[in-house]
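Trainee: Structure for the following, please:
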Amino acid sequence: MISIADPNDDRALLTTAELRAAAGLSTSDSSQDATLVPLGAYVSALITKACKVTAAGAIEPTLRLETVTETFLFKSLQKSLVLARRPVVEIISVTQTESLLGPTEYALDAASGVLYRAAFTHYFYTLPNGPWGWWPIGNTIVEYSAGYDDVPADLKYAAIKFVKAELVTGSRDPLLKRIRIEGVSDREYWVSDKQVTSVVPGEVMDILIRGGYVNMVVA
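Mentor: Model prediction:
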């Protein structure tokens, strides 16, 4: 279970100037902002959901930097904690059964968002980077910051590709397809909703997957 006391107000992956440029406008041309700004918010939201970012109740998820409080309730010993939000920027505090742990009592694998407990008494197991303890039965609360303060270039590029695709196809029904064979035929046909698996373009998903932005193991 996660909670966010102070949600990030800036959830956009692209600035207004970048949205204008994606639309082929001057970065100072505000004539289409009434369309581009909500389109940018729409694209950011769909990319975030495609990346399987965990939501905190009614608060919309975001790939941007936020401080998260995550509570784990274990009914058996656990080798590790898998944090719901990634990338993890900083572990602020770890509280185990109402006892605040020191920074030497746990270790973070920032790339995977996995938190290990330092070995204690005889309860430990060995990984290539050393012996680690077990997270005990009961509550463990982790406060940490995760997400992007500065949006990475490939994530921005994915958002730009999505915006451009929406600007091209936004005026037509996505279920209406066309087959054109030059000099032979030109016909349109409808596809069912079941054939449309995602509104995120395939090339955008490829960028997100290659960049490691899609959470393959949802906590």
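
Trainee: how is the protein carved up into domains?
Mentor: Domain segmentation of the chain under automatic domain parsing yields 2-62+151-210, 66-146.

Trainee: mind giving me TSV with the ones you listed and columns for mean neighbour count and mean pLDDT?
Mentor: All C-beta spots, glycine's among them, are computed from the backbone N, C-alpha and C. Listed next are the domains of the chain as TSV, based on neighbours: other C-beta atoms under 10 Å; pLDDT from 0 to 100:
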stretch	mean neighbour count	mean pLDDT
domain 2-62+151-210	15	83
domain 66-146	16	85
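
Trainee: Tabulate these (TSV), appending distance to Met216.
Mentor: Listed next are those as TSV, based on distance: least, C-beta to C-beta, whole Å:
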stretch	distance to Met216
domain 2-62+151-210	8
domain 66-146	10
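
Trainee: Check the contact between Pro7 and Ile59; I expect there is one.
Mentor: Yes. At 5.3 Å, Pro7 counts as touching Ile59 under the criterion of C-beta atoms under 8 Å.

Trainee: secondary structure class for Glu143?
Mentor: With DSSP: H, G, I helix; E, B strand; the rest coil as the basis, Glu143 sits in strand.

Trainee: partner residues bridging it?
Mentor: Applying DSSP bridges to Glu143 gives these bridge partners: Thr69, Ser93.

Trainee: I'd like the distance between it and Ala153.
Mentor: For Glu143, the distance to Ala153 (C-beta to C-beta, to the nearest Å) stands at 29 Å.

Trainee: cool, and Val200?
Mentor: In terms of C-beta to C-beta, Val200 sits 19 Å off from Ala153.

Trainee: Please apply the same query to Leu36.
Mentor: In terms of C-beta to C-beta, Leu36 sits 20 Å off from Ala153.

Trainee: ditto for Pro201
Mentor: Distance of Pro201 to Ala153, given as C-beta to C-beta: 19 Å.

Trainee: And for Val37?
Mentor: For Val37, the distance to Ala153 - C-beta to C-beta - is 22 Å.

Trainee: And for Tyr106?
Mentor: Counting by C-beta to C-beta - Tyr106 and Ala153 are separated by 32 Å.

Trainee: go on, Val168?
Mentor: 23 Å.

Trainee: got it, and Asp206?
Mentor: Taking C-beta to C-beta, one finds Asp206 at 16 Å from Ala153.

Trainee: Kindly report the same for Lys164.
Mentor: 16 Å.

Trainee: For this protein, which segments count as helices?
Mentor: Ranges of helices in the chain, per DSSP state H, are 16-22, 33-50, 153-169, 202-210.

Trainee: Generate TSV for these, with distance to Phe72 as supplementary columns.
Mentor: Formatted as TSV, those follow (distance: least, C-beta to C-beta, whole Å):
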stretch	distance to Phe72
helix 16-22	38
helix 33-50	23
helix 153-169	28
helix 202-210	27
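
Trainee: Disregarding residues adjacent in the polypeptide, which is nearest to Thr95?
Mentor: What sits nearest to Thr95 in space, not counting adjacent residues and going by C-beta to C-beta, 6 or more residues apart in numbering, is Ile141, at 4.5 Å.

Trainee: That should have said Pro201, apologies.
Mentor: Ala165 (4.9 Å).

Trainee: From what I see, the one you found and Val204 are in contact.
Mentor: Yes. Counting by C-beta under 8 Å, Ala165 does reach Val204; the two are 7.4 Å apart.
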